[in-house]
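>>> sequence-free structure coming up:
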């Protein structure tokens, strides 16, 4: 038999199922429509039920072939399969009953009809879910109705983050443990999807526990199921979250551990629990994640950028969706102050500006000062001396200033002292690096990297073993 | 439907390739002279009057496959320097300190560890081999590093260690392919190719993906470890020679000056443009562009690949050996290339296969010499990147293709003259440093013998996913359609190692 025959037959399942659906409904209508002479349509009813039975079994067979050929997981089709077979069997029984009693008004037949109707409807619905997705019907409903019935698609939860200054005031359970559970456990343990009958969305549900009882042992917190499961080796059958799911980071597990250790209180704050700052410090909100300013800017027209690119500038968006730009003269070393003037129309967009190795001079600083969102500025190997560096104080997002091999001296760098955002200045091989007043540099509001690192000569360097 | 369209486009382009090649060869029958001259011809000015074919939408990428693209998400790093120690260094002599192993030195390995396992050379029951180096904690992070790497010990606070990396290939070739392409079999694009394909290159006068080798040999897996697989071949790594001219035949032949060459190239471009108008194959435009790039590279490459211009103190810092093929020279070159905007620099150093079959592969002799060759250069590279601010947007990765056994190798079941270790897949150490990496971190732990990971185990796919994340990609969404289905570097696996990300 050619290999394609079975898959092909299987794929006719969605078509064939409509035959028993139609015939069964038709048979039921014929059975209950006549008001007076209940047996008026008996031969027709028998024929309709026979057809229903044959097609129903055929639908079952094609369905099972489809399941075998297309690699569905048994879990997903289990109910549909069982109910489908039930429908076919009920159909057959009903046909035999009608044939035996030669009537449609026997109580057994009524029960059979009811079962048939119900199982048909549910099987059909489950089949529809398989083809169109579980939310096929609900997603067109108004959002409020979806929320009321809990049909809303999975919510997105932000990862745990804490304020580095006020972390002690954060509630241990509500602001730390619950967010960790939301991130790592909630997708399988919520009102809608409660694997192991365990719901981890609130204090109450957490205390209630699951199928195997409580998950928090207040008497012996370190043996709580909640934590023991997380600490099992990844390959262990009972490890949670399951191996194939996203795993919590170590620091998250440590925090859950600490919460249980300190008594699993639902009221305490982090400060009251007395845990050390090391446990939470990795969750402090860092600006490092996006050092770039959050701004609402209309994306620029392609034509504007095309013209500037044609001039020789390297211009690229920081990410596909961000309007912010990186501009560099990497392929345009002859660029001078005048060339830079043409950037006038995109000043607000420039977030990274790299003018290394170009011909710009200090006169370009006022223009740079107008780039309100500038975050990283590179002036390596330029003639920049920095006389008008005070004009960079307007760049309130400037974090990094690269001055390697430029002509900047200490006096000019001091003009940037107490800059609102500047964090790091790279000044390797500058006149500034040769001045000896390191103490003065240390007092500046930002870190200055002078470099000039050396590695000592070691006796082992030359040894041949 | 989208997939079908992609498949049809792929078919169309493949057909075009065949068709144009056939026509080209046909033309050459009458113009054999042209064919002979072909290698001499290199590009000219950019995009003067791009020819148009109706109904064909051309992107920047069609005209220049290396043109830059923004990453899908904000990226921490824009460049990568990947230091691959081909042959695989012993983690037990360098980073993974196992005091227990000292106690059990020369004791037979517990059978439970060996059950159902195969090793490349070890047979029967081998003896355990204690660490041959002396360990100490270094830096603020307190990382354990052995006295084989005295210079590197000074910069440990810059790096984040992965102590329990595992792979599933115990032979060099497949393991190197796995580490570099995400698959132990041939045919997949290398990490550098994926990155260059995804981001292009910023410096239009230099290749986006440069490969430098040292140690006397290239990796066992051959050039496929920097190959482009099913990606267009323009994304493969450009191997520069570590000795002599970095790229052969870059200089003008005698008697040909640049003006003459330019005239030649203009004519060639006219022909190529006519070709494009006739067939509408974007590959032709890419070709025009590649000639142009080669022309521009003629000036830029010798400049950037020349380390002689560097000041003496930089040479001292790296411990370079001018004129020789040396890992130190390659480290310095890597810094220069990244400084010039090269996207991906891949260094291979050969000679780490410490089996203990001879003096050079003995874990207490040859390995120390290899360590000496890389110790200062790597420390220097990290410091030099740091002082120039390059570590802010460059990711540095270090590792081999697998690790080495806690047992002493007993090739053919015999005791060997030198101390060595066999290939080991269960646990080995890698480190990353620079942009986006939590410096001073250490993730993962191995058991008392250093045999397998007990905590924080990460796979090769996890390492790839993490590198892509730092570069602004979602490794699950970064795909290339080939033969009707999307392919990923991480296939269907890969978890981002968030514990070492800043």
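Nice, I can see it. This one's a predicted model, so the numbers in the text were calculated from it and none came from an experiment.
>>> contacts, neighbours, all on C-alpha from now
Noted.
>>> Now do the contacts for the residue nearest to residue B:497 when sequence neighbours are not counted.
Residue nearest to residue B:497 in three dimensions, not counting chain neighbours: residue B:466, with 5.8 Å by Cα to Cα, 6 or more residues apart in numbering or on different chains. Going by Cα atoms under 8 Å, 6 or more residues apart in numbering or on different chains, residue B:466 touches B:495, B:496, B:497, B:498.
>>> 10 Å instead?
By Cα atoms under 10 Å, 6 or more residues apart in numbering or on different chains, the contact set of residue B:466 is B:436-437, B:460, B:472-475, B:494-498, B:500-501.
>>> Buried among the residues you listed? Make that a PyMOL selection.
Those of the contacts of residue B:466 that count as buried under 16 or more other Cα atoms under 10 Å in any protein chain shown are selected in PyMOL with:
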select buried, chain B and resi 436+437+460+472+473+474+475+494+495+496+497+500+501
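>>> per the record, what domains does chain B have?
Following automatic domain parsing, one finds the domains of chain B at B:2-40+B:247-297, B:79-246+B:305-500.
>>> can you tell me the distance between the two ends of the longest one?
Read it as domain B:79-246+B:305-500. Counting by Cα to Cα, to the nearest Å, you get 18 Å between the two ends of domain B:79-246+B:305-500.
>>> cool, and the first one?
Criterion Cα to Cα; first-to-last residue distance in domain B:2-40+B:247-297 is 38 Å.
>>> Which parts of chain A are strands?
A:314-317, A:325-328, A:350-354, A:376-378, A:400-402, A:424-426, A:447-449 (DSSP state E).
>>> Tabulate the domains of chain B in a markdown table, adding columns for mean pLDDT and distance to residue A:320.
A markdown table is the format used below for the domains of chain B (pLDDT from 0 to 100; distance: least, Cα to Cα, whole Å):
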| stretch | mean pLDDT | distance to residue A:320 |
| --- | --- | --- |
| domain B:2-40+B:247-297 | 73 | 21 |
| domain B:79-246+B:305-500 | 94 | 10 |
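>>> Tell me which helix or strand residue B:386 sits in.
Element membership for residue B:386, per DSSP states H and E: helix B:366-387.
>>> can you check residue B:85 too?
In this structure, residue B:85 sits in strand B:79-86 according to DSSP H and E.
>>> list the buried ones in the helix or strand just after that strand?
Per DSSP H and E, the first helix or strand lying C-terminal to strand B:79-86 is helix B:91-94. Within helix B:91-94, the residues scored as buried using 16+ other Cα under 10 Å are B:91, B:92, B:93, B:94.
>>> hmm, who's touching whichever helix or strand comes after helix B:91-94?
Toward the C-terminus, helix B:91-94 is succeeded by helix B:99-103 as the next helix or strand (DSSP H and E). Here helix B:99-103 makes contact (Cα under 10 Å, 6+ apart) with B:92, B:107, B:128-132, B:135, B:406-407, B:447-450.
>>> try 8 Å this time
B:128, B:129, B:130, B:131, B:406, B:448, B:449.
>>> next one: stretch A:430-438
A:403, A:404, A:405, A:406, A:407, A:408, A:409, A:410, A:427, A:450.
>>> quick one: which of those residues is nearest residue B:427?
Of all the contacts of stretch A:430-438, residue B:427 sits closest to residue A:450, with 38.9 Å by Cα to Cα.
>>> Residue of the stretch 351-465 of chain A nearest chain B, please.
For the stretch 351-465 of chain A, the residue closest to chain B is residue A:451, as judged by Cα to the nearest Cα, at 4.3 Å.
>>> which parts of the lowest-mean-pLDDT helix or strand in chain A are buried?
Using mean pLDDT, DSSP states H and E, the weakest-scoring helix or strand in chain A turns out to be helix A:143-148, at a mean of 74. Going by neighbour count (16+ other Cα under 10 Å), nothing in helix A:143-148 comes out as buried.
>>> hang on, the earlier thing: okay, the strands of chain A in TSV with mean neighbour count next?
Shown next, in TSV, are the strands of chain A (neighbours: other Cα atoms under 10 Å in any protein chain shown):
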stretch	mean neighbour count
strand A:314-317	22
strand A:325-328	22
strand A:350-354	23
strand A:376-378	22
strand A:400-402	23
strand A:424-426	22
strand A:447-449	18
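>>> For the ones you listed, give me CSV that also has distance to chain B.
Shown next, in CSV, are the strands of chain A (distance: least, Cα to the nearest Cα, whole Å):
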stretch, distance to chain B
strand A:314-317, 6
strand A:325-328, 9
strand A:350-354, 11
strand A:376-378, 9
strand A:400-402, 7
strand A:424-426, 6
strand A:447-449, 6
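>>> Next one: residue A:98 relative to residue A:92, how far apart?
In terms of Cα to Cα, residue A:98 sits 10 Å off from residue A:92.
>>> Mind listing the shared neighbours of these two?
If you check residue A:98 and residue A:92 against Cα under 8 Å, 6+ apart, no residue is contacted by both.
>>> Would you mind listing the residues in contact with the residue nearest in space to the middle of chain B?
With distances taken as Cα atoms, centre = their mean, residue B:346 lies nearest the centre of chain B, 3.5 Å away. Contact analysis of residue B:346 by Cα under 8 Å, 6+ apart lists B:81, B:82, B:83, B:84, B:192, B:209, B:210, B:211, B:212.
>>> Now do the same for it: helix, strand or coil?
Secondary structure state of residue B:346, per DSSP: H, G, I helix; E, B strand; the rest coil, is strand.
>>> Mind listing the residues bridging to it?
Note on residue B:346: beta-bridge partners by DSSP bridges are residue B:82, residue B:211.
>>> what does chain A have sitting close to chain B?
By Cα under 8 Å from any Cα of the partner chain, the residues of chain A that approach chain B are A:233, A:246, A:249-250, A:288-290, A:314, A:316-321, A:330-331, A:402, A:404, A:426-428, A:449-455, A:461, A:464-465.
>>> related to what we said a few turns ago, report the angle between the following helix or strand past the helix holding residue B:386 and strand B:79-86.
Toward the C-terminus, helix B:366-387 is succeeded by strand B:394-399 as the next helix or strand (DSSP H and E). If you take axes from the mean of the first three to the mean of the last three Cα atoms, to 10 degrees, strand B:394-399 sits at 10 degrees to strand B:79-86.
>>> how about strand B:394-399, does it reach chain A?
No: against chain A, strand B:394-399 shows no contacts by Cα under 8 Å from any Cα, the least distance being 14.5 Å.
>>> Please give me every residue in contact with residue B:92.
Applying Cα under 8 Å, 6+ apart, the residues near residue B:92 are B:98, B:131, B:404, B:406, B:450.
>>> Then residue A:98?
Residue A:98 sits next to A:46, A:104, A:109 when contact means Cα under 8 Å, 6+ apart.
>>> distance of the last one from residue A:120?
Just to be clear, that refers to residue A:109. The value you get for residue A:109 to residue A:120, if Cα to Cα is used, is 16 Å.
>>> So those two - more neighbours on which side?
Taking other Cα atoms under 10 Å in any protein chain shown, residue A:109 and residue A:120 do not tie; residue A:120 has more neighbours (23 against 19).
>>> ok, and the closest non-adjacent residue to that one?
Once flanking residues are discounted, residue A:120 sits nearest to residue A:87: 5.9 Å by Cα to Cα, 6+ apart.
>>> hang on, the earlier thing: let me have the strands of chain A in CSV, extended by mean pLDDT.
Formatted as CSV, the strands of chain A follow (pLDDT from 0 to 100):
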stretch, mean pLDDT
strand A:314-317, 93
strand A:325-328, 95
strand A:350-354, 96
strand A:376-378, 96
strand A:400-402, 96
strand A:424-426, 94
strand A:447-449, 92
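>>> Dump the ones you listed into CSV; add distance to residue B:418 as well.
Shown next, in CSV, are these (distance: least, Cα to Cα, whole Å):
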stretch, distance to residue B:418
strand A:314-317, 56
strand A:325-328, 55
strand A:350-354, 54
strand A:376-378, 53
strand A:400-402, 51
strand A:424-426, 48
strand A:447-449, 46
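>>> I appreciate the help and will end here.
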